[in-house]
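K.L.:
Return atomic coordinates for the entry below.
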Amino acid sequence: MSPKITKARLIWLPFALMAIGSWTPVLGMWLNGVEWAGAAGRAVAFWYTVPALVATLLVQGPWLKQPILKPLGIQFSVNRWWGIAWLLPVAVLFIGMIVTWLAGFEPVLTVEQLIENKRSLVPPEQLAQFDELQAESPPPHPLMLIIMGMPAGLTINLIPALCEEVAFRGYYFREMPGGFWARATKIGLLWWLWLAPSVAIGNLYGAPGLASVALALPWCIVASWVLVYLRVRSGSVIAVAVTRGTMLALTHVAYDLTFGAPSWLAPFYGIGGIVGLFLIWIVFWIEDRSRATGRLTSS
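P.N.:
Numbers count the residues shown, from 1 in each chain. The predicted structure is shown next:
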């Protein structure tokens, strides 16, 4: 017998299912003292998004008995906002680099800097092998790493991003009550709550602890404003997943380009990323107030 459908249950039942699936391996890592920065962390990071998709599909199909694709925003009509969605993480990355530069951490803009930074992380007994490898096959210019990483946002990294976005900017976009500001902010808060246990053991920032969880809160809210706006203008949750997937694909690139900056400052998830997303949001807000047909951010 299916539970009676109420607004509270539409919000919290799928979230409970997501939490059970996503938080269980995180709890196991925490109880066993397994660090996020390792093979286990990478595996759990990929798995973490899967319960979000499974819970959404279980609620949408067996419980609500509704179609899957269109009600969840899974549509394939490409428009200019898809291109904006793909390029948006690059803009956030560059703004984040400027923020870290202003804070005293010089960006990595030469091959020599890139090699020296990577060399500093190599164990002494492996330095000779590292130097030989770099002599035979030197890395590309650091900015080329961005171009090389972007296709992954449309391919392999799109998969976990879509699992996450079908839930938050698909299902919850439809079910969360309120206008643009209330809806986007509530989705951001729910997204943060779902991410919090993984952040507490090292996800996103690499630094476990409640300080990272606290920093993730404004990031999730500002990011949610941007992503919900993309969701509406693009007409598809897939475009939003392209942004998230590309952000995932460029996360290590961001680390290389802002080497030495602390994770609480550097893009994508530190203060540099928050500033970048907020400035992108300002551009969207201006576009909404001046050029867009049908304002989202005001009555």
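
K.L.:
Just give the nearest non-adjacent residue to Ala167, would you?
P.N.:
Closest residue to Ala167 apart from its sequence neighbours, by CB to CB, 6 or more residues apart in numbering: Ala52 at 3.9 Å. Where C-beta positions appear, they are placed from N, C-alpha and C, glycine not excepted.

K.L.:
Which other helices and strands does the helix or strand hosting Arg9 contact?
P.N.:
Arg9 is part of helix 7-31 when elements are defined by DSSP states H and E. Under the contact criterion of 3 or more CB pairs under 8 Å, 6 or more residues apart in numbering; DSSP states H and E, helix 7-31 touches helix 39-48, helix 50-58, helix 172-175, helix 180-200.

K.L.:
With distance to Leu88 as extra columns, can I get the ones you listed in a markdown table?
P.N.:
Below are the helices and strands packed on helix 7-31 laid out as a markdown table (distance: least, CB to CB, whole Å):
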| stretch | distance to Leu88 |
| --- | --- |
| helix 39-48 | 21 |
| helix 50-58 | 21 |
| helix 172-175 | 18 |
| helix 180-200 | 16 |
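
K.L.:
Could you say which one of these comes nearest to Leu127?
P.N.:
With CB to CB as the criterion, Leu127 lies closest to helix 39-48 of the helices and strands packed on helix 7-31, at 24.0 Å.

K.L.:
Tell me which stretches of the chain form helices.
P.N.:
Along the chain, counting by DSSP state H, helices occupy 7-31, 39-48, 50-58, 80-102, 111-119, 127-136, 144-149, 158-165, 172-175, 180-200, 210-234, 237-249, 251-257, 271-290.

K.L.:
now the helices and strands packed on helix 7-31 as CSV including mean pLDDT?
P.N.:
Shown next, in CSV, are those (pLDDT from 0 to 100):
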stretch, mean pLDDT
helix 39-48, 94
helix 50-58, 97
helix 172-175, 96
helix 180-200, 97
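
K.L.:
out of these, which comes closest to Arg291?
P.N.:
Going by CB to CB, the one of the helices and strands packed on helix 7-31 nearest Arg291 is helix 180-200, 16.5 Å.

K.L.:
picking that back up, of the helices of the chain, which stretch is the most buried?
P.N.:
With neighbours taken as mean count of other CB atoms under 10 Å, the helices of the chain reach their highest mean count in helix 237-249, at a mean of 26.
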